[in-house]
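In: Sequence and computational prediction follow.
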Amino acid sequence: MTVRPRSAWDSLAQADREPGWHSRPMSDLPASQDVLRRMETAMNGHDLDALTACFAEDFCSILPLQPQRSFTGRPRMWDNWGKLFAHVPDLAATVRQSVTDGEQVWSEWEIGGTTVDGARYLSRGVAILSLRGPQIASVRFYLADVDDPTGPGE
């Protein structure tokens, strides 16, 4: 068995975690955060049907830092995630932390993998979900790509 040495990329992925910090398994979340469990499972399984089922038909995706990319409706979500799954075939998503306040769920995400071009992909940030029953009525994404530590400028 070959053990791959830790790269600068691996170190970056672990660097901001405090010693002894561990995320909770999604199975330990309260029922009000079940939508996070379903989203994470669908993302990791690249299951567009299951991911789409997490969202209301008329849901709003709001990107406050890039408002021109905001949209309404499942068809655009389906298209966006389908393209991302195709571009990052080994995409994996993790909810690092989350908290619920009534019908709002605040969650910290880490989404990464390797693109079809062989480049590393890593995005981190916060998503604030507003729920309507078991589905997401709107989401405010504060996610950003993490610069590759092995790229130019390093």
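Out: That came through, no problem.

In: just checking, what packs against the longest helix along the chain?
Out: Longest helix of the chain, by residue count under DSSP state H: helix 74-87. Here helix 74-87 touches helix 48-53, strand 55-62, going by 3 or more CB pairs under 8 Å, 6 or more residues apart in numbering; DSSP states H and E. For every residue, glycine as well, the C-beta is placed using N, CA and C.

In: Can you give the distance from that helix to the centre of its chain?
Out: Counting by CA atoms, centre = their mean, to the nearest Å, helix 74-87 is centred 13 Å from the centre of its parent chain.

In: Need the helices and strands packed on helix 74-87 in TSV (columns: mean pLDDT, mean neighbour count and distance to A127).
Out: Below are the helices and strands packed on helix 74-87 laid out as TSV (pLDDT from 0 to 100; neighbours: other CB atoms under 10 Å; distance: least, CB to CB, whole Å):
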stretch	mean pLDDT	mean neighbour count	distance to A127
helix 48-53	97	15	13
strand 55-62	96	17	10
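
In: Out of the ones you listed, flag the one nearest G112.
Out: With CB to CB as the criterion, G112 lies closest to helix 48-53 of the helices and strands packed on helix 74-87, at 17.0 Å.

In: excluding its backbone neighbours, what's nearest A86?
Out: Sequence neighbours aside, V116 is the residue nearest to A86 in space, at 7.5 Å (criterion: CB to CB, 6 or more residues apart in numbering).

In: could I get the helices and strands packed on helix 74-87 as CSV with distance to V146?
Out: Putting the helices and strands packed on helix 74-87 into CSV (distance: least, CB to CB, whole Å) gives the following:
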stretch, distance to V146
helix 48-53, 22
strand 55-62, 21
